[in-house]
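Colleague: next comes the sequence, and after it the predicted model I'd like to discuss.
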Amino acid sequence: MTSHADAAHAHHGPPIANRSSRIDAATLGMFLFIASEAMLFGSFFAVYFFDRVVNPEATAWPPPPFEFPVFVAGVNTAILVTSSFTMHWAVQSIRRGHRAGLQAGLVLTIALGLAFLITQLIEYAHVGFNTSDGAFASVFFGLTGLHGAHVFIGLSLLTMAAVRAFRGHFSPEHYHGVEIPGIYWHFVDIMWIVVYTAVYLL
């Protein structure tokens, strides 16, 4: 029978934290981080709606002669929403012990995320205005640029997860390194739907 001294000696790293929640500590930490990021986006949305309310020119948004590329952004939205499905596929695959599905799901998610970012950069290059053209332009680049930065961070996390996946680091018992970046990626996708609806459609 293993003694407490032997168990303590076998454990490496800091002591295991007391658990006061049914949610794993690492997953709970990601949810709390996402909550703080949602508040960050909320401050940008507050500026956006304030500008539209107090600006007399905001009856037409954006003001003439400028136009937002609604169709291109719609295609980009479809790309990013699809990446949520491939991310879900990756997580479900490793839960079932299917490593090939995990690897394919991560690669497809990264490819779709890169396609989203590249399309957004092309959109910026051809949109026809910049931040000096008015508050609407500052809000446009601020919100979409903030989201683009989050996509880049998500892609960095998923790339690290993909490298580990191809090295065989994950198993049906240990897949937090995929699940937690996946939670963040779903948040990024949901937030884009909100940004697209508010900025391009309303």
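Modeller: All right, it came through fine. Just so it is clear, the model here is predicted, and its values are computed rather than measured.
Colleague: pLDDT (mean, whole number) over the strand or helix carrying Ala115?
Modeller: Ala115 belongs to helix 99-126 when assigned by DSSP states H and E. Averaging pLDDT along helix 99-126 yields 95.
Colleague: which of the residues in it are buried?
Modeller: Neighbour-count burial for helix 99-126, counted by 16 or more other Cβ atoms under 10 Å, picks out 101-110, 112-117, 119-120. The C-beta positions use only the backbone N, C-alpha and C, and glycine is treated the same way.
Colleague: isn't Thr30 right up against Gly177?
Modeller: Actually, residue 30 is Met rather than Thr. No - contact criterion Cβ atoms under 8 Å: Met30 and Gly177 do not qualify, at 11.8 Å.
Colleague: between those two, tell me which one has more neighbours.
Modeller: Met30 (20 against 17; other Cβ atoms under 10 Å).
Colleague: residue contacts, the more buried one?
Modeller: For Met30, the contact set (Cβ atoms under 8 Å, 6 or more residues apart in numbering) comprises 180, 183-184.
Colleague: any idea whether it is helix, strand or coil?
Modeller: What DSSP: H, G, I helix; E, B strand; the rest coil gives for Met30 is helix.
Colleague: look up how far Phe41 lies from it.
Modeller: With distances taken as Cβ to Cβ, to the nearest Å, Met30 is found 16 Å from Phe41.
Colleague: could you do Val75 as well?
Modeller: Counting by Cβ to Cβ, the gap from Val75 to Phe41 is 22 Å.
Colleague: quick one: which of the two has more around it?
Modeller: Shown here are Val75 and Phe41; by other Cβ under 10 Å, Phe41 has more neighbours (17 against 13).
Colleague: pretty sure that one contacts Leu146?
Modeller: Yes - look at Phe41 against Leu146 with Cβ under 8 Å: they come within range, at 6.9 Å.
Colleague: how about the helices in the chain?
Modeller: With helices called from DSSP state H, the chain shows them at 4-10, 25-54, 70-95, 99-126, 135-166, 176-195.
Colleague: closest to Pro63 out of those helices?
Modeller: helix 135-166 (6.4 Å; Cβ to Cβ).
Colleague: return the set of buried residues in stretch 31-50.
Modeller: Under 16+ other Cβ under 10 Å, the buried positions of stretch 31-50 are 34, 37, 41, 44-45, 48.
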